[in-house]
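# Quick one: sequence plus predicted model below, questions after.
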2 protein chains.
Amino acid sequence: MKIKNITFIGSGNVATHLSISLQDKGINIVEIWSKTTKSAVLLSEKLKCNYITDLNNLSSTDLLIVSVKDDVISEVISKIKDKNINIVHTSGSVDLDVLEDFSNYGVFYPLQSFNKEVEVDFSITPICIESKTSEFSDSLKELASKISDSINFINSEQRKQLHIAAVFACNFTNHILSISESILKKSDLDFNLLKPLIEHTFNKIKDSSPSEVQTGPAKREDYNTIEKHLNLLEGKSDLKIIYSKITNHIINNNLDE
Amino acid sequence: MKIKNITFIGSGNVATHLSISLQDKGINIVEIWSKTTKSAVLLSEKLKCNYITDLNNLSSTDLLIVSVKDDVISEVISKIKDKNINIVHTSGSVDLDVLEDFSNYGVFYPLQSFNKEVEVDFSITPICIESKTSEFSDSLKELASKISDSINFINSEQRKQLHIAAVFACNFTNHILSISESILKKSDLDFNLLKPLIEHTFNKIKDSSPSEVQTGPAKREDYNTIEKHLNLLEGKSDLKIIYSKITNHIINNNLDE
């Protein structure tokens, strides 16, 4: 089955980027539903398509892409009475089986962090596909290949681990950088001072495993410096704990836990 | 005073990169001393200069650059009997005052992470200078400007905070990426899957404050997903603690601690 017409359930960051990107590649976006009508209207205006408010009044379509918050997926799809429909969700951490009442169901998870403001290059964004039948897998693969060069068949268990790994690699590294920025700010120092070091750090892992290029006091087991740092973090109990937990994790080198 | 002749005390990563870079810009490297003669020989061969084994047999020089491990700086310099000499150390976390017995003393701290194998672009590496006299500061500034476009006058207290911030921004982010890699490995997934997401994460902070572009379950206060992740990390006690400490730090948003 060739997917030519798609309906989006949801109008958040993922739905916005994905629908625009698919439309750019010639897919017909049938209509948009969102819990928040205002948000559905906004995205449907961008796409020059319809929006709907009643999930039981869906126009004919080849695929429903459910792109709502993880914890409301079940609730939203339970409102769709007609189960004779092709459906996928786009979540990194929700089981495929949540959609099992539908005739064809799958996962279409773009592994990227989406802000409405920041453009995303879909061609290098890995699309993680899961489905029970090879026929539906093939349809999803063909759809994914319109927007991305990285198509991956990944099962629910792997996808959950991938999602945790992504939280570490993206959300946690970003927060660690926020911590650096706040430390500098308190000493009247500009975050730009650290930018070359940060760039160097991320360039290194383009071709090397991060575990092989680890540097710093913990890696050298330079306990003097570690103690100095912990003393300087005195009174900042949260930062001190984060500093020591990560430091100990580097020293103990227990990545195989 | 114009610095034309430099002696290196130490032959590790910083000494290696810095001496080569200074020589490239026309500075005469007089000689190299290292606790490990073999290492002094190696660097002196690279530089085609002399090496020495006796710190009290130093040839005449304009500046001693002490680039040894933080915890042996005091011990090494105490062996230099002639204190009528210009001297700097290159450490991010050691006080200026450790050198106060010398006639002119300062800090010349290149803010970068050095591996012997990986080339460093010194022109964008911030050089952090500290000294008690404006005359010596000026000499150090002139020297730094030969290799870098980013020269910064930073006092010992600021430098210590900068060093902690660098440990977070460089060493800790790298380790967090190692954690991601290890999680993927255990699920037979390739770390390359995460590379576009990591690149996106680091591109974002080139123009934005990391605290303003934070995303993820913690930022959304998506407690369902957080609980799922903590369950999946069951049995991996260290990772679970690191996950919850960083997650809580994002949720509580206490960067001003």
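That came through fine. Note that this is a predicted model, so its numbers are computed, not measured.
# residues of the helix or strand hosting A:Asn224 that come out buried?
Secondary structure from DSSP states H and E places A:Asn224 in helix A:223-232. Residues A:225-226, A:228-229, A:232 are the ones in helix A:223-232 that count as buried (16 or more other Cβ atoms under 10 Å in any protein chain shown). Just so you know, the C-beta spots here come from the backbone N, C-alpha and C atoms, and that holds for glycine as well.
# and what of stretch A:34-49?
With burial defined by 16+ other Cβ under 10 Å, the residues of stretch A:34-49 counted as buried are A:34-35, A:39-40, A:42-44, A:47, A:49.
# For it, what does the pLDDT average out to?
On average, the pLDDT along stretch A:34-49 is 96.
# Was I right to think A:Leu233 contacts A:Ile242?
No: taking Cβ atoms under 8 Å as the contact criterion, A:Leu233 and A:Ile242 are not neighbours in contact, 9.1 Å apart.
# What lies in contact with stretch A:189-208?
Residues outside stretch A:189-208 that contact it (Cβ atoms under 8 Å, 6 or more residues apart in numbering or on different chains) are A:177, A:180-181, A:184-185, A:210, A:213, B:111-113, B:115, B:118, B:120-121, B:124-126, B:150, B:152, B:154, B:158, B:161-162, B:165-166, B:169-170, B:173-174, B:177, B:195, B:198-199, B:202, B:205-206, B:209.
# coming back round to it: wondering if the helix holding A:Asn224 reaches chain B at all.
Yes: contact of helix A:223-232 with chain B is found when judged by Cβ under 8 Å from any Cβ of the partner chain, involving A:224-225, A:228-229, A:232.
# wait, which of the buried residues of helix A:223-232 is closest to A:Leu22?
Taking Cβ to Cβ as the measure, A:Leu22 sits nearest to A:His229 out of the buried residues of helix A:223-232, at 48.6 Å.
# pLDDT at the nearest residue to the closest one once chain neighbours are set aside, what is it?
Here the nearest residue to A:His229 in space, its sequence neighbours aside, is B:Ile164; by Cβ to Cβ, 6 or more residues apart in numbering or on different chains that works out to 5.2 Å. In the predicted model, B:Ile164 carries a pLDDT score of 96.
# secondary structure element for B:Ile164?
Mapping B:Ile164 onto the secondary structure by DSSP H and E places it in helix B:156-166.
# Which positions within that helix qualify as buried?
Residues of helix B:156-166 classed as buried under the neighbour-count rule (16+ other Cβ under 10 Å) are B:158-166.
# Is any residue of stretch A:26-42 near chain B?
No: for a cut-off given as Cβ under 8 Å from any Cβ, stretch A:26-42 has no contacts with chain B; the smallest distance is 15.6 Å.
# same question, stretch A:118-134
Yes: part of stretch A:118-134 sits close enough to chain B to count as contact by Cβ under 8 Å from any Cβ, namely A:118, A:120-121, A:124-126.
# will you turn the buried residues of helix B:156-166 into TSV that also has distance to B:Thr133?
Compiled in TSV, those are given as follows (distance: Cβ to Cβ, whole Å):
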residue	distance to B:Thr133
B:Gln158	19
B:Arg159	18
B:Lys160	22
B:Gln161	24
B:Leu162	22
B:His163	24
B:Ile164	28
B:Ala165	28
B:Ala166	27
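# ok, back up a step: from memory the residue nearest to A:His229 sits against A:Ile183, does it?
Yes: B:Ile164 is within contact range of A:Ile183, at 5.9 Å (criterion: Cβ under 8 Å).
# all strands for chain A, in order.
A:5-9, A:28-33, A:50-52, A:63-66, A:86-89, A:104-110, A:127-131, A:151-153 (DSSP state E).
# What is the neighbour count of the nearest residue to A:Cys49 once chain neighbours are set aside?
The shortest distance from A:Cys49 to any residue that is not its chain neighbour, by Cβ to Cβ, 6+ apart, is 4.7 Å, and that residue is A:Ile29. Residues contacting A:Ile29 under the criterion other Cβ atoms under 10 Å in any protein chain shown number 23.
# for A:Ile29, what are its contacts?
A:6-8, A:19, A:22-23, A:47, A:49.
# tell me the domain boundaries of chain A?
In terms of domains, chain A is parsed into A:5-154, A:159-252 (source: automatic domain parsing).
# Indicate which one of these is closest to B:Asp71.
Distance to B:Asp71, taken as Cβ to Cβ, is lowest for domain A:159-252 among the domains of chain A, at 4.4 Å.
# how long is that closest one end to end?
For domain A:159-252, the separation between the terminal residues is 28 Å (Cα to Cα, to the nearest Å).
# any idea how far it is from the chain center?
From the chain centre to the centre of domain A:159-252 is a distance of 22 Å (Cα atoms, centre = their mean, to the nearest Å).
# what do you get for stretch A:110-125?
Centroid separation between stretch A:110-125 and its chain, computed with Cα atoms, centre = their mean, is 9 Å.
# Convert the C-alpha atoms of that stretch to PDB, please.
As requested, the backbone C-alpha atoms of stretch A:110-125 are provided in PDB (Å, rounded to 0.1, in the frame of the first residue of the first chain):
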ATOM      1  CA  PRO A 110      11.800  10.500  14.300                       C
ATOM      2  CA  LEU A 111      14.800  10.500  16.600                       C
ATOM      3  CA  GLN A 112      15.300  14.300  17.000                       C
ATOM      4  CA  SER A 113      14.600  17.000  19.400                       C
ATOM      5  CA  PHE A 114      12.100  19.400  18.000                       C
ATOM      6  CA  ASN A 115      11.600  23.100  18.800                       C
ATOM      7  CA  LYS A 116       9.000  24.900  16.800                       C
ATOM      8  CA  GLU A 117      11.500  27.700  16.200                       C
ATOM      9  CA  VAL A 118      14.500  25.600  15.200                       C
ATOM     10  CA  GLU A 119      14.600  24.100  11.700                       C
ATOM     11  CA  VAL A 120      15.300  20.400  11.500                       C
ATOM     12  CA  ASP A 121      17.200  18.600   8.700                       C
ATOM     13  CA  PHE A 122      15.000  15.600   8.200                       C
ATOM     14  CA  SER A 123      17.300  14.000   5.700                       C
ATOM     15  CA  ILE A 124      19.700  13.100   8.400                       C
ATOM     16  CA  THR A 125      17.100  12.400  11.100                       C
END
